[in-house]
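> need the 3D shape of this:
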Amino acid sequence: MQWIIISNLQFAGDNAESERDLQLIVDRIARESNGMGMKININKTEVTVSKSINVLLEGSQLKQVENFVYLGRKTEASAGTEAGTGRRISLACDAVQRLQSTWQFKGISYAMKDEVYD
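Numbers count the residues shown, from 1 in each chain. Here you go, the predicted structure:
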């Protein structure tokens, strides 16, 4: 079996300075991927933008979104990191709420609850 190392792969969180730069990045990723027998799924590829731009992948315009969630972090084109922080706080509050019955259950020792918490 032969292994191929893929380096300098652009992904969520990478930024382009201009529409032209972004198009160059998309073109290069598509070219390199195709050269290795991989195809980019256009239905799963999005561009986060604060204004309308025209970025193509194999002749089709990429979907433009104002925000997305990647590895649990919400990113918005216009809001910076505040939206992501609010989302993480909300997820943490939800998790604590779901554990409420566990913390109150008398059949689990305090030591076990403490170990799970830490």
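> low pLDDT regions in this protein?
1-15, 70-71, 77-85, 87, 117-118 (pLDDT under 70).
> can you pull out the strands in it?
Secondary structure of the chain by DSSP state E: the strands cover 46-48, 56-57, 60-61, 63-65, 67-70, 73-76.
> what's the closest of those to residue 113?
Across the strands of the chain, residue 113 has its closest neighbour in strand 73-76 (29.0 Å, CB to CB). Quick note: C-beta positions are derived from backbone N, CA and C, even for glycine.
> helices or strands up against that closest one?
strand 67-70, helix 82-98 (3 or more CB pairs under 8 Å, 6 or more residues apart in numbering; DSSP states H and E).
> name the residues that touch the last one?
Read that as helix 82-98. Here helix 82-98 makes contact (CB atoms under 8 Å, 6 or more residues apart in numbering) with 67, 69, 72-76.
> ok, stretch 100-109 next?
Under CB under 8 Å, 6+ apart, the answer for stretch 100-109 is 113, 116.
> just to revisit the earlier point, just the buried residues out of the contacts of helix 82-98, in PyMOL syntax.
The following PyMOL line selects those of these that are buried, judged by 16 or more other CB atoms under 10 Å:
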select buried, resi 74+75+76
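> and residue 59, how many residues sit next to it?
Residues near residue 59, counting by other CB atoms under 10 Å, number 6.
> where does it fall, phi/psi-wise?
Residue 59 adopts backbone torsions of phi 90, psi -10, taken as degrees, to the nearest 10.
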